[in-house]
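Chemist: Sequence first, predicted coordinates after that:
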Amino acid sequence: MKSFSHRSAIRTERSAFSCRLPVDKQVLLMIFAATFLFVDACAQSFSGRFVTTFYSYQQYDTTNTSKISLRGFEAMQLNFGTGDYQLHTYILATNDFITSQPNDPLLRAENLYLEARNVADAVNLKIGRQPVFQQVGISSFDGLSADANFLDNKISLVVFGGSLPPVDERFKLNSDLKDNLVSGAQASYSPFENFRIGGAYVDKTFKPSSYYALRRDSIDAPSDVRQVLIDPSSVASQFVSGDVFYYTQDVSGYLRLDYDLNFEEWNRTEVSFRYSPITALSADVGYFHHDSRLPFNSIFSVFDHSGTDEYDFGLNYFLMKDVSAYGSVNKIYYSGDNSTQFTIGANVYLFNLNFSHDDGFAGNLNGVSAQLIYPFMDRKLMLIASGEITGYKILQADSLPTSRLYSGSLGLTCRPVNLLSVTLQAQYYQDPVYRNDFRGYLQVSYYFFSKSGMQ
């Protein structure tokens, strides 16, 4: 496959990218463009980032059947306003220019919210579509959030609530608000430097989308198969979490506990510890237990499920400037089985080489990989190369031969000025199914920042 073939068709398709959007989306884009121009004229600051990406690949439906795709992405991150009022946006448009894909072209709003800072000299407010990053709640929602700091920033508090957006995050509110809600809070306390204790709570209700599926008629004609509308009921999850973190240059530790209020059981336990007896050497040990995070009233919650327990140990040693060696061992215990993983490697200036081995529950895997990043012309050009050879075998099938997997990439990043970068990369992959699979990647990023208008 030629990664960037059909160039003339690509140019035509790209110019028609916005024209193929539905009329309401085109109107919405024009409104946003007019709003940006107006606010830029009267705001104190206007900053943003535009990222244009094309990714070409072969998609295999079966072993010998494939089709070529050329995915296009246009990401627009724009922030403008004054010191106390800011409008934040992150809009993503996607389309496939060769192969027809469901829901293409698609315009998504991952972020679109207004922020008011220092309200009453105490609280920051956000309203609109915004992300939330919590120990037990990572999501986007359409609603309101507030955060505040107290006692010279020793105490911080965040509360939020609203509706979940559509699954594809398109420009609209969820049509079923009562079954798609999320709310929560997070607080932390730092009584002294390098120490923090925190807690979080999240309550989430989600209704999966309806869909049609083939089902046998179990009443009138059991031998007949027909299309049936599957309309799942809403599902719920409710978690609380607490964590403790301590850090110094020589010693650090972390503890986290998650509790499922609906199932009334511990869902996650994480303990890690780092010790550096000398500047050049550091050791890490950790324990991680995780159960499946299932909604309380989903169909999957009636089945038996068990978690995993993982024990980790790692070393990192700096032999000299720009030269280091590292290694790690992981032991994972499943229900009735276990797996061992270990990695050893070295970093020499801009070159990395490592060997990894996995065995047990998931099979036997041995792999060698290497990466190189080399700058030219005062870092205006950056060569990026990588390669990997892996052998994989299912342990339960000793008679089967070992499968070989080969992958590699070669790319160049050009940054003629600080605000503009262009990356071009070719990728290669081969295994028993994907034979001689070539892929292409092109990305253009542009940043800007300006101050203007009224004070």
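Modeler: Cool, the structure landed. Residues are numbered from 1 along each chain as shown.

Chemist: all strands of the stretch 51-200 of the chain, in order?
Modeler: 66-81, 85-96, 106-119, 123-133, 138-150, 155-163, 181-189, 195-206 (DSSP state E, counting those that start in this stretch).

Chemist: Next, the buried residues of stretch 173-180.
Modeler: 174, 179-180 (16 or more other CB atoms under 10 Å). From N, CA and C alone the C-beta is placed, and that goes for glycine too.

Chemist: ok, now stretch 327-342?
Modeler: Per 16+ other CB under 10 Å, stretch 327-342 contains these buried residues: 327-328, 330, 332-333, 339, 341-342.

Chemist: Poorly predicted segments of this structure, please.
Modeler: 1-43, 59-65, 217-223, 298-304, 396-398, 452-455 (pLDDT under 70).

Chemist: just checking, Gly83 touches Arg117?
Modeler: Yes. Using CB atoms under 8 Å, Gly83 is in contact with Arg117, at 7.3 Å.

Chemist: Give me the more crowded residue out of those two.
Modeler: Neighbour count, other CB atoms under 10 Å: between Gly83 and Arg117, Arg117 has more, with 14 against 10.

Chemist: Okay, that one and His88: tell me how far apart.
Modeler: 12 Å (CB to CB, to the nearest Å).

Chemist: Could you do Ala426 as well?
Modeler: 35 Å.

Chemist: quick one on the thing from earlier: out of the buried residues of stretch 327-342, which comes closest to Gly48?
Modeler: Ser328 (39.6 Å; CB to CB).

Chemist: what is that closest one paired to in the beta sheet?
Modeler: Applying DSSP bridges to Ser328 yields these beta-bridge partners: Gly314, Thr343.

Chemist: residue contacts, it?
Modeler: Counting by CB atoms under 8 Å, 6 or more residues apart in numbering, Ser328 touches 284, 312-315, 342-343.

Chemist: so can I have a markdown table of the residues you listed showing distance to Ala362?
Modeler: A markdown table is the format used below for these (distance: CB to CB, whole Å):
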| residue | distance to Ala362 |
| --- | --- |
| Asp284 | 23 |
| Asp312 | 17 |
| Phe313 | 20 |
| Gly314 | 20 |
| Leu315 | 24 |
| Phe342 | 14 |
| Thr343 | 15 |
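
Chemist: farthest-separated two in those residues?
Modeler: Of all pairs in the contacts of Ser328, the most separated under CB to CB is Asp284 and Phe342 at 13.9 Å.

Chemist: thought Asp231 was touching Tyr212?
Modeler: No. When contacts are counted by CB under 8 Å, Asp231 is not listed as touching Tyr212 (10.2 Å).

Chemist: for this structure, what spans make up the helices?
Modeler: 7-15, 23-42 (DSSP state H).

Chemist: returning to that earlier point: quick one, which of the strands of the stretch 51-200 of the chain is nearest to Gln44?
Modeler: strand 66-81 (7.3 Å).

Chemist: so what strands line up beside the closest one?
Modeler: strand 45-60 (antiparallel), strand 85-96 (antiparallel).

Chemist: CA atoms of the shortest one as PDB?
Modeler: What follows is strand 85-96, C-alpha atoms only, in PDB (Å, rounded to 0.1, in the frame of the first residue of the first chain):
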ATOM      1  CA  TYR A  85     -13.300  35.700  32.400                       C
ATOM      2  CA  GLN A  86     -12.100  33.100  29.900                       C
ATOM      3  CA  LEU A  87     -13.800  31.100  27.100                       C
ATOM      4  CA  HIS A  88     -12.100  27.700  26.600                       C
ATOM      5  CA  THR A  89     -12.800  25.500  23.500                       C
ATOM      6  CA  TYR A  90     -11.400  22.300  22.100                       C
ATOM      7  CA  ILE A  91     -13.200  21.300  18.900                       C
ATOM      8  CA  LEU A  92     -12.300  18.200  16.800                       C
ATOM      9  CA  ALA A  93     -13.500  17.500  13.200                       C
ATOM     10  CA  THR A  94     -12.900  14.000  11.700                       C
ATOM     11  CA  ASN A  95     -13.400  12.400   8.300                       C
ATOM     12  CA  ASP A  96     -12.200   9.500   6.200                       C
END
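
Chemist: That one to strand 106-119, inter-axis angle?
Modeler: Relative orientation of strand 85-96 versus strand 106-119 (axes from the mean of the first three to the mean of the last three CA atoms, to 10 degrees): 170 degrees.
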